[in-house]
Each structure stands twice: as C-alpha cells, then as structure tokens.
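Q: Could you work out the structure for the sequence below:
(2 chains)
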2 protein chains.
Amino acid sequence: MSANVPTDICFSFSGLMQRGGGTGPHRDGWGICFYEGKGLRSFHDPDPSVSSAIAEFVKSHPIKSTLVISHIRQANVGGVNLENTHPFSRELWGYIWTYAHNGQLDKSLFDWPLQHYFPVGSTDSEYAFCWLMDQLRNKFPTKPQDQQPLSEFIHQCCEKLRAIGVFNMLLAESELLLAFNSTKLSWITRQAPFGEARLKDCDISVNFFNETSITDKVTVIATEPLTHDEQWQKIAVGELATFKLAELVNQQFA
Amino acid sequence: MSANVPTDICFSFSGLMQRGGGTGPHRDGWGICFYEGKGLRSFHDPDPSVSSAIAEFVKSHPIKSTLVISHIRQANVGGVNLENTHPFSRELWGYIWTYAHNGQLDKSLFDWPLQHYFPVGSTDSEYAFCWLMDQLRNKFPTKPQDQQPLSEFIHQCCEKLRAIGVFNMLLAESELLLAFNSTKLSWITRQAPFGEARLKDCDISVNFFNETSITDKVTVIATEPLTHDEQWQKIAVGELATFKLAELVNQQFA
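A: Residues are numbered from 1 along each chain as shown, chains lettered A, B, ... in the order given. Prediction:
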C-alpha cells in the first residue's frame, strides 16, 4: 500500500490473511511492515496468517501508515522458520529498505557474488535481496537526489533476476514503493468519489466514502486483485512501477 | 534474557513495562526483540509501554525464545518517534545484531566517522551502534570462530564509548548476549532449585518451580533488579559480560 495520508490497511489485510492457509495455499508464514516516517514496525510469523494471533492483532488494531508491505509465503527454497519469513529488510544510506518476493529463482543465483549484505536465512528470495542491495550500494554510494536513475537501475537489476526465474517483487525505503512484475501484479488507486468494495476472500465489504476524506488517495498492489466491484490495473510483464504517496511516479518497461 | 531453552519473558516484561510511564519515567517508547533461531521478532512502539496495546499483546501472548532484548526509553537526544526507538538492529556476517543503550554520550560522537552502517534516526544511541558495527566489520571481515576475541574487541569499543559519556549496553546476535556496564547493570540466573519471586513494579508473583523443568536455566539482566526476594548480582563498572544459553561465558574488565 502507498497512500498520501496515514491509512490503516485492515480491510485489505483481512482479505490477504485468508489466503495464508484459508482461501490460498500460502500457509508457510507471513509478515507485514509499516513505515512511520523513516521508522519501521515489523511483524513476522512462520505460522499461517489465517490462524496467527499476531495477524489477528494487526487486523484488529488499526496501524496507520503511508507505506506498507505484506507477504504470505508458500515455501519452495528454505525451511519454514522466522529467518525465512518475508518481508526482509536491510539498511542502506540511513534508510531501512524492505522487500518481499513472489516466485522462484534458479539455484545458480547462489553463485552470484555478495559483498556488503549477506542472507540470514536460506531462501533464494533473501539472497536476491542482498544481491540487489549490493548492486544499489555499489552504483550509488550515497542516496541519489532524483528518483528516476534509482528506478532505472533497480529495473535493470530486476530484469537480471527475471532472466533466471520468476521474480515478482515489492521494494520500499520509507517513501517510494517499487513493484516489479515478472508474471502477475495488479494495482488500484482509490480516491474520491469513493465507492464500495467487497473482499474476494471473505465476507467483508467497506464503503470507503465513510472511511476517508475527499483528498485521500490510497494505492494497493497485490499479486491477485483483493476485491470484487473494482477495476484493478495490471502492471506489464517486465515493468517496474514506482509509487510515491499513492501516485504512480515512474514506469520502466522491459 | 538469555536461556538454555525457549522461555517466555512475560513475568519480567510485566515488571519492565510498568517502568515505561508507570513506576518509572521511561515513557518515550519501548521495544522488544525475540530471537528464534537466527530469525528475529521485533516490536517497537513510540508510545509509553504502560499503556501500549502492543505491549499488552506481548505480555499476554507467551513468545518463547532463548534470547530477548527489551528497552524502555527516556529520550534525551532525538525526538520521540519510531526510528528513534530501541532496540536497533543491523545485519553483519549474515546475523541480525540487536542493540539497546541506556545513557547519554557527548555530542562529539557525531564526528566519529562511519563507513558501512548509517543511522536511520537521530539518537546518539543508534549512532554509537553504527560505529560499533563498523568497527566489528572492519576488524573481523568474517565471523570469528571463537567468542573470546569478539568479546575482547567489543569491550575495547565499549570502553571508547564510555570515555565520552554513560554507556550501559545490551548487544546480541542470536546466541551471544553481551552486557556492558557503564554505571549500573544487574543480573540473575534462575535454575533448580527454583523459588518464588515477586516483581518490584507491580503486584505479580511467580513460583518458577511450577513454570520450569529441572534443567532450565534462565538469566535476566536489567538496569535495576526487577524482583524482591532474589539475589541479583552486579556487573562491575567497565565490565563486559558475555552470556550464552544462560551461562556467563566471558568477562572483560576495565
């Protein structure tokens, strides 16, 4: 989620957590990270989100944020444990970068050299994140002023990863939310005039008109659309879409 | 807390959270990190722990761990916000290091050069942590096999920090818990025969005999002893004490 005002994600999260062992097979852990300024609140659990006490807490206590990344895991590489649970995070330039991956990469990835960042767990996903952060750090010793060269370079890195497998990715650093589509990724921006939406994964509807003010703008990105009754847009295969405060600010195409 | 079996910290945490705006003045946020293997569960909140919904959740849901670091903050340098809330964490050698600091350091600290790790927030505490991690990384490009040289070197770094202020510190990397005493730090190891203990900060008692098995060993370290009825030991001023699975495995003296 990327929003122009601190917004809670309870509605979307209620649908997503059902997919973690309920309506979907992603029962091998889940995690969610909320930015608050440059700070980060993280919740991780190797248990299925559908039956997780922490997920229940997150769902019932509205935490407001302008940038949230969440992930539910279906394990392929790496055991089901806390260190293999997304989102992963690392500090670069005094920002906490967070990252979640959907897909699987060829095991030749593990031969790609790492220099600054090393995986804590054993997943291909975290290894790819460490490699990506290494590339960024080497290319830009300090934070670039403009967002454009950053998106361009991250897109190049994502394309290298897509060349060895499936690499749907979310990446953030407190303001920017970068979404790379390797096979499937959809998004929607909600803004006035607000309407009603109904979750696909459980029997919850919301009328955003009652929950929002006229200037609010909230973008939600997901592997699969989370709602009926709304028009989700697809990110193109090989595209990196960059969002800032709910706005699509950059597109890099394959 | 350092323990030889996964142990919940609900009893000690019930006392500590009272000090965050209740029985103590440390109302400027709190945090707690639980290691689970090499993975880490973190909870941070810039609100006072005594009235925090997340603290209530942590207190009432036993999370078992062999290594826990918790901190309640009384702000001096840096605003009250999430990025300034301890414990701080950074990855080194594929381990997540966590750190909490009690005290205040001279502002000349901010002139000490940083190379690899940079603060996200504006506290002297996080700056000192980044400096410490930089020193470790430069001294040991890979993880040393033995714990002894690691404790020796970290002690040297802590002494440099103590020279410019008050630097009580907890530091961990999944197995080792390092505690440096600049002004005050006490610890206790609970093992068979287990007895009863009563919290100082609220009306809770526990009989560990009913909660533990005969081989359990649990060490708790705190700025001020958390209980009546028990004999806490003091760490010497200028000492770095290293614990592993509840055992005191190394002492480095001033």
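
Q: if I look at A:C158, how far off is chain B?
A: 22 Å (CB to the nearest CB, to the nearest Å). No exception for glycine: its C-beta is placed from N, CA and C like everyone else's.

Q: next one: A:C202
A: 22 Å.

Q: count of neighbours near that residue?
A: Using other CB atoms under 10 Å in any protein chain shown, A:C202 has 14 other residues around it.

Q: What separation do you get for it and A:G22?
A: Computed as CB to CB, to the nearest Å, the A:C202 to A:G22 distance reads 8 Å.

Q: Next: A:K38.
A: A:K38 sits 34 Å away from A:G22, taking CB to CB as the criterion.

Q: Likewise for A:W131?
A: Distance from A:W131 to A:G22, by CB to CB: 33 Å.

Q: neighbour-wise, which of those two wins?
A: Applying other CB under 10 Å to A:W131 and A:G22 shows that A:W131 carries more neighbours, namely 21 against 16.

Q: who's in contact with the closest residue to A:D47 other than its chain neighbours?
A: Leaving out its chain neighbours, the residue that sits closest to A:D47 by CB to CB, 6 or more residues apart in numbering or on different chains is A:G29, at 6.8 Å. By CB atoms under 8 Å, 6 or more residues apart in numbering or on different chains, A:G29 lies in contact with A:44-48, A:72-73, A:75, A:80-82, A:84-86.

Q: ok, 6 Å please
A: A:46, A:73, A:85 (CB atoms under 6 Å, 6 or more residues apart in numbering or on different chains).

Q: backbone phi and psi for the nearest residue in space to A:F194 that is not next to it in sequence, please?
A: In space, and not counting its chain neighbours, A:F194 is closest to A:F208: 3.8 Å by CB to CB, 6+ apart. Main-chain torsions, A:F208, degrees, to the nearest 10: phi -60, psi -20.

Q: can you check A:A100 too?
A: For A:A100, the backbone dihedrals (degrees, to the nearest 10) come out as phi -140, psi 150.

Q: Tell me the residue of the stretch 151-254 of chain A that sits nearest chain B?
A: Residue nearest to chain B within the stretch 151-254 of chain A: A:S174 (8.7 Å; CB to the nearest CB).

Q: ok, that residue touching A:K38?
A: Yes. Contact criterion CB atoms under 6 Å: A:S174 and A:K38 qualify, at 5.0 Å.

Q: any idea where the helices of the stretch 51-200 of chain A begin and end?
A: With DSSP state H, counting those that start in this stretch, the ranges of helices along the stretch 51-200 of chain A come out as A:53-60, A:124-139, A:147-162.

Q: So for the closest residue to chain B within the stretch 101-250 of chain A, what's the pLDDT?
A: The minimum distance from the stretch 101-250 of chain A to chain B, using CB to the nearest CB, falls at A:F118 (3.9 Å). Looking at A:F118, its pLDDT stands at 98.

Q: show me the contacts for it.
A: A:F118 makes contact with A:130, B:94, according to CB under 6 Å, 6+ apart.

Q: Get me the contact residues on chain A for chain B.
A: Within chain A, the positions near chain B by CB under 6 Å from any CB of the partner chain are A:36-39, A:42, A:53, A:57, A:61, A:81-83, A:94, A:96, A:118-120.

Q: buried subset of those residues?
A: Neighbour-count burial (16 or more other CB atoms under 10 Å in any protein chain shown) applied to those gives A:36-39, A:42, A:57, A:81-83, A:94, A:96, A:118-120.

Q: Can you name the two of those that sit furthest apart?
A: The two members of these with the most space between them (CB to CB) are A:F57 and A:F118, at 31.3 Å.

Q: list residues touching both of A:C202 and A:G22?
A: Counting by CB under 6 Å, 6+ apart, nothing touches both A:C202 and A:G22.

Q: now the strands: where do they sit in the stretch 51-200 of chain A?
A: Secondary structure of the stretch 51-200 of chain A (DSSP state E, counting those that start in this stretch): strands at A:65-72, A:88-92, A:95-102, A:168-172, A:176-180, A:186-191, A:196-199.

Q: Out of these, which gets nearest to B:L105?
A: B:L105 lies closest, by CB to CB, to one member of those: strand A:88-92, at 20.3 Å.

Q: and that closest one, which residues are buried?
A: Applying 16+ other CB under 10 Å to strand A:88-92 flags A:88-92 as buried.

Q: now swap in stretch A:19-30 and tell me
A: By neighbour count on 16+ other CB under 10 Å, the buried set for stretch A:19-30 is A:19-24, A:26-30.

Q: Which ones among the residues you listed lie within strands?
A: In strands, judged by DSSP state E, the following of those are found: A:W30.
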